[in-house]
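**Student:** here is my input; please provide its structure:
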Amino acid sequence: MPELPEVALYKKYADATALHQKISDLSFPGVGTLQAPKTDFEKALKGKEFTETKRLGKYLFLKTTGKSCLVFHFGMTGKLEYYKNQETPKYTRMLISFENGYQLAFVCRRKLGKVFLAEGIEEFQKEHSLGEDALELKEDEFLSLLDGKKGIIKGALTDQHLLAGIGNVYSDEMLYQCGIHPKSKTEQLTEADKKQLFSKMRKVLEMAIEKEGERAEFPSDYLISHRKESEDCPKCSGKIQKIKVSGRSTYFCPSCQKEQK
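**Tutor:** Model prediction:
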């Protein structure tokens, strides 16, 4: 599933392709993706231009010369494709045509992506009860979020209402880099644990953006390229295990990440 780093790359892609071009037409080859009637999208976007993009967690906002923002949530398999003079990509759910002949397709094979219209980022964030963006948080803000928080730490990291942008893969990586078991109770973590987790959170997310999500390019001591049960741990002689945590498939090293009793 696209997490914060992947959406940061989609933002960069949209910035380089789809801005400052007049929208001439829209079509909706897929169903179930739109979170408003088709006519609302047509009224809000046709004849307008995208002026800039913003990201909040896993959401990408495209501001327009009108009063609305177009908002993408990429689900499990969503992506953007900008092209000219070729067939519409398979699994396209929304297609935006520009006067210069190019098109921007929102492609989503598993139909779990969503497309919204919003008045603005703050309004959307409030309406959907989204937390602050994980990369925008300062250390004291992160510590404050976890202060008094109960429950499993992996559940806290992936709670989009608490902080936005972290999903299954990168939460596993952050905990692995800290040596924290994914089932650890948040309230049992020390101040030092939480500070280290903040530091590793930033490092992992920034690394993923820098490497453009290419797992083979990650450092050799990262879990991300060893996310397979019984795979050798890249840091010790242990074996990677797979368990369910907060309903999610979770990978960790039981030797490096001791479970609290």
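**Student:** residues touching residue 181, list them.
**Tutor:** 175, 252, 254, 257, 258, 259, 260 (Cβ atoms under 8 Å, 6 or more residues apart in numbering). Yep, even glycine has a C-beta here, placed from its N, CA and C like the rest.
**Student:** pull the number of nearby residues for the nearest residue to residue 38 once chain neighbours are set aside.
**Tutor:** Excluding the flanking residues, the one nearest residue 38 by Cβ to Cβ, 6 or more residues apart in numbering is residue 28, at 5.7 Å. Residue 28 has 16 neighbours, counted by other Cβ atoms under 10 Å.
**Student:** any idea how far residue 28 is from residue 179?
**Tutor:** When distance is defined by Cβ to Cβ, to the nearest Å, residue 28 is 47 Å away from residue 179.
**Student:** same deal with residue 131?
**Tutor:** On the measure of Cβ to Cβ, residue 131 and residue 179 end up 25 Å apart.
**Student:** what does residue 186 give?
**Tutor:** 16 Å.
**Student:** now residue 14
**Tutor:** 37 Å.
**Student:** then residue 84?
**Tutor:** 49 Å.
**Student:** more neighbours, these two?
**Tutor:** residue 179 (16 against 9).
**Student:** wait, what's in contact with the more buried one?
**Tutor:** 256, 257, 258.
**Student:** mind putting these in CSV, pLDDT included?
**Tutor:** CSV is the format used below for those (pLDDT from 0 to 100):
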residue, pLDDT
256, 96
257, 97
258, 93
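**Student:** which of those residues are buried? Put it as a ChimeraX command.
**Tutor:** To isolate the buried subset of these in ChimeraX, counting by 16 or more other Cβ atoms under 10 Å, use the following:
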select :256,257
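**Student:** okay, now the domains of the chain?
**Tutor:** Taking automatic domain parsing as the criterion, the chain consists of the domains 4-127, 132-252.
**Student:** check contacts around residue 214.
**Tutor:** So residue 214 contacts nothing (Cβ under 8 Å, 6+ apart).
**Student:** before we move on, the earlier item: of the contacts of residue 179, closest to residue 246?
**Tutor:** residue 257 (15.8 Å; Cβ to Cβ).
**Student:** pretty sure the closest one is touching residue 180, no?
**Tutor:** Yes. The pair residue 257 and residue 180 passes the contact test of Cβ atoms under 8 Å, sitting 6.1 Å apart.
**Student:** about what we covered before: can I get the domains of the chain in a markdown table with mean pLDDT?
**Tutor:** Formatted as a markdown table, the domains of the chain follow (pLDDT from 0 to 100):
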| stretch | mean pLDDT |
| --- | --- |
| domain 4-127 | 96 |
| domain 132-252 | 96 |
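**Student:** neighbours around the closest residue to residue 187 other than its chain neighbours, how many?
**Tutor:** The shortest distance from residue 187 to any non-neighbouring residue, by Cβ to Cβ, 6+ apart, is to residue 150 (5.1 Å). Using other Cβ under 10 Å, residue 150 has 10 neighbouring residues.
**Student:** SS state for residue 150?
**Tutor:** The three-state assignment at residue 150 reads coil, by DSSP: H, G, I helix; E, B strand; the rest coil.
**Student:** quick check: it vs residue 90, distance?
**Tutor:** Following Cβ to Cβ, the distance that separates residue 150 from residue 90 is 45 Å.
**Student:** how much space separates the closest residue to residue 98 other than its chain neighbours from residue 250?
**Tutor:** Nearest in space to residue 98, with sequence neighbours left out and distances taken as Cβ to Cβ, 6+ apart, is residue 21 at 4.2 Å. Distance, residue 21 to residue 250, using Cβ to Cβ: 43 Å.
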